[in-house]
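> what's the 3D shape of this:
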Amino acid sequence: MFIEQLYTGCLSEAAYYVESNGEAAIIDPLRDIEEYITLANERKAKIKYIFETHFHADFVSGHLDLSRATDAPIIYGPETVTSFPVHIAKDHEQFKIGDLTIEVLHTPGHTLESTCYLLKDSTGKDYCLFTGDTLFVGDVGRPDLAQKGNEITTEDLAGMLYDSLQSKIVPLADNVIVYPAHGPGSSCGKNIGPDTSSTIGEEKQFNYALKASDKVSFIKTVTDGIPPPPQYFPINARINKEGYDSLDEVLATSLRALKVEEFKEMMNQDMVILDTRNSEEFMQGFVPGSVSIGLDGRFAEWAGSLLSFDSPMLLVTDPGKEKESIIRLARVGLDKVQGFLDGGYEAWKRSGEESDIIINVEADELMMDLPFDENLVVVDVRKPNEFAEGHLKEAINIPLSDMIDPGNLANIEDHHNLYVHCAGGYRSVIASSLLKRQGIHNLRNVSGGFNKIREQEKVEIVKEKSVLN
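Reported below is the predicted structural model:
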């Protein structure tokens with residue numbers, strides 16, 4: 001028996017490779033499938049099945065491309081409806097991988113088709129459970145993503161999730177390993193723990209949701225305080241249900257080098273310009289109007305949350321990072337890239353074209369300016385729960401995810417001197433680039449963000465909300 005967790009940090013996503021006696025299965029693959037095929041080839045194994053735990057909302061699955069490449073059938077659990085051929089398994093149906101057995105456990109709640117896969121070893125003993133988004137380390141899947149108008153509510157799904165956990169998962173032996181589809185940072189749960197695997201026993205002991213005394217208290221606990229899902233979640237779920245172009249086709253269209261003049265001409269055709277360099281490089285100089293989302297952070301998640309799925313896109317990347325940028329965008333269904341700037345920003349600069357910058361200041365400079373500048377406005381772009389836990393007294397909260405709506409910026413006026421920060425610096429540079437794209441240029445990025453601000457002498461941190469009048 002061989003099991004490998006293939007973890008993608010920027011999406012907090014875990015796919016799994018399971019193998020026995022030359023036969024393999026892939027569980028919850030990403031859209032870029034090369035890693036799975038390479039691993040199977042290296043181990044001289046044939047991919048026999050592709051198992052999907054549910055319709056993923058936070059990334060585009062690789063199920064279709066992987067099935068085309070390997071002829072392996074795609075397996076979903078009960079209550080699945082797709083626009084392409086799949087095998088819809090029955091509850092408790094079993095599949096053989098070498099001398100291993102995978103048993104289907106239908107666990108509706110996160111979504112109606114949500115399914116866990118119980119792996120039994122060669123003796124038939126329960127070994128591990130691939131839980132998808134039903135059970136995480138320290139958390140459970142949010143039950144608000146598969147509502148159907150007035151037919152099925154969040155509370156209905158939470159009740160289903162309680163029944164699924166109590167009837168299918170809690171009865172398993174304490175030593176059964178838990179392999180979830182997501183780790184810390186994922187928006188598929190409220191507060192997923194720091195580890196990417198666990199055991200049934202550990203979850204019974206430490207997972208708040210499994211300690212609920214009854215269904216009523218469980219429903220209240222898991223539905224209370226769920227943050228709004230990223231705007232791309234329903235789009236990705238639909239793509240996974242209806243199908244998509246192959247990644248090879250996307251690369252053939254997108255991986256197109258554009259000289260400066262070509263790039264400049266296409267800029268005038270209502271294109272989104274995305275710069276994937278790290279934030280420090282971006283601030284020092286960029287093509288005017290560019291949106292900064294660096295590959296060094298939670299790139300795909302923020303791209304999916306902030307960029308239009310209908311708008312064509314041009315890329316500015318570090319030389320050699322063009323293909324990676326395109327693939328990572330495609331992971332969340334952003335596949336309308338029309339080309340990239342040949343030679344990157346340096347080519348743009350050498351051509352003598354106009355550039356823009358973002359002024360970067362240290363936290364101590366903000367603290368020195370704050371008492372004396374009546375037009376100074378501190379814009380904290382962290383999530384509302386981060387802001388509520390502690391923020392600079394004078395700060396207003398405009399979460400980064402809200403900045404795609406110009407209405408949320410309506411109270412910012414020309415005379416305001418904006419000092420923009422997040423927790424550490426990644427999100428605030430994205431925010432600054434979005435503000436500049438909206439024509440708001442009187443701003444500075446606070447280096448190190450709130451982490452540095454709170455270290456300053458005489459800083460006043462509060463917990464109540466502030467608003468801009």
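> identify the residues contacting Met367.
Applying CB atoms under 8 Å, 6 or more residues apart in numbering, we find Met367 in contact with Ile453, Gln456, Glu457, Lys458, Val459. For glycine as for every other residue, the C-beta is placed from the backbone atoms N, C-alpha and C.
> what of Arg444?
Contacts of Arg444 (CB under 8 Å, 6+ apart): Ile358, Ile359, Asn360, Val361, Leu366, Asn417, Leu418, Tyr419, Val420.
> ok, now Ser114?
Thr53, His54, Gly77, His106, Thr107, Pro108, Gly132, Asp133, Thr134, Gly141, Ser164.
> at 6 Å what do you get?
His54, Thr107, Pro108, Thr134 (CB atoms under 6 Å, 6 or more residues apart in numbering).
> over to Leu100?
Taking CB under 6 Å, 6+ apart as the contact definition, Leu100 lies against Ser20.
> and what of His182?
By CB under 6 Å, 6+ apart, the contact set of His182 is Ser12, Cys188.
> tell me what it is bridged to.
Beta-bridge partners for His182, by DSSP bridges, are Glu13.
> wait, which of the contacts of Ser114 is closest to Leu306?
Comparing these against Leu306 with CB to CB places His54 closest, at 24.9 Å.
> show me the contacts for the closest one.
His54 sits next to Thr111, Glu113, Ser114, Gly132 when contact means CB under 6 Å, 6+ apart.
> before we move on, back to that, buried subset of the contacts of Met367?
Buried members of the contacts of Met367, counted by 16 or more other CB atoms under 10 Å: Ile453, Gln456.
> turn the contacts of Met367 into JSON lines, including distance to Glu261.
Below are the contacts of Met367 laid out as JSON lines (distance: CB to CB, whole Å):
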{"residue": "Ile453", "distance to Glu261": "43"}
{"residue": "Gln456", "distance to Glu261": "47"}
{"residue": "Glu457", "distance to Glu261": "52"}
{"residue": "Lys458", "distance to Glu261": "53"}
{"residue": "Val459", "distance to Glu261": "49"}
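> now the two most distant members of the contacts of His54.
Glu113 and Gly132 (9.9 Å).
> just to revisit the earlier point, next step: the contacts of Arg444 restricted to helices.
Leu366 (DSSP state H).
> mind putting the contacts of Arg444 into CSV with neighbour count?
Output for the contacts of Arg444, formatted as CSV (neighbours: other CB atoms under 10 Å):
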residue, neighbour count
Ile358, 22
Ile359, 12
Asn360, 19
Val361, 15
Leu366, 23
Asn417, 14
Leu418, 20
Tyr419, 27
Val420, 26
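> hang on, the earlier thing: neighbour count for Glu113 and Gly132, which is higher?
Neighbours per residue (other CB atoms under 10 Å) separate Glu113 from Gly132, with Gly132 holding more: 30 against 23.
> taking the contacts of Ser114 one by one, which sit in strands?
With strands defined by DSSP state E, no entry of the contacts of Ser114 lies inside them.
> where does pLDDT dip in the protein?
147-150, 464-469 (pLDDT under 70).
> per-domain residue ranges of it.
If you go by automatic domain parsing, the domain ranges for the chain are 2-235, 246-350, 359-462.
> mind checking how far the shortest one is from the chain centre?
The gap between the average C-alpha position of domain 359-462 and the chain average comes to 24 Å, counting by CA atoms, centre = their mean, to the nearest Å.
> can you get me the start-to-end distance on it?
For domain 359-462, the first-to-last residue distance is 27 Å (CA to CA, to the nearest Å).
> repeat for stretch 306-325
16 Å.
> so which residues make contact with it?
Contact with stretch 306-325 is made by 235, 271-277, 287, 336-338, 340-341, 344-345, 404, as judged by CB under 6 Å, 6+ apart.
> Phe130 reaches Ile27, doesn't it?
Yes. Contact criterion CB atoms under 6 Å: Phe130 and Ile27 qualify, at 5.1 Å.
> what's the span of stretch 24-35, first residue to last?
13 Å.
> got the buried residues for it?
Ala24, Ala25, Ile26, Ile27, Asp28, Pro29, Leu30, Arg31, Asp32, Ile33, Glu35.
> distance to Leu314 for these - can I get that in CSV?
Converted to CSV, the buried residues of stretch 24-35 look like this (distance: CB to CB, whole Å):
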residue, distance to Leu314
Ala24, 39
Ala25, 39
Ile26, 33
Ile27, 36
Asp28, 31
Pro29, 29
Leu30, 24
Arg31, 21
Asp32, 21
Ile33, 26
Glu35, 28
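> which of those fall in helices?
Short answer: the buried residues of stretch 24-35 in helices (DSSP H) are Glu35.
> mutual contacts of Phe130 and Ile27, please.
Tyr16.
> one step back: using a markdown table, lay out the contacts of Ser114 together with distance to Lys96.
A markdown table is the format used below for these (distance: CB to CB, whole Å):
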| residue | distance to Lys96 |
| --- | --- |
| His54 | 23 |
| Thr107 | 22 |
| Pro108 | 25 |
| Thr134 | 23 |
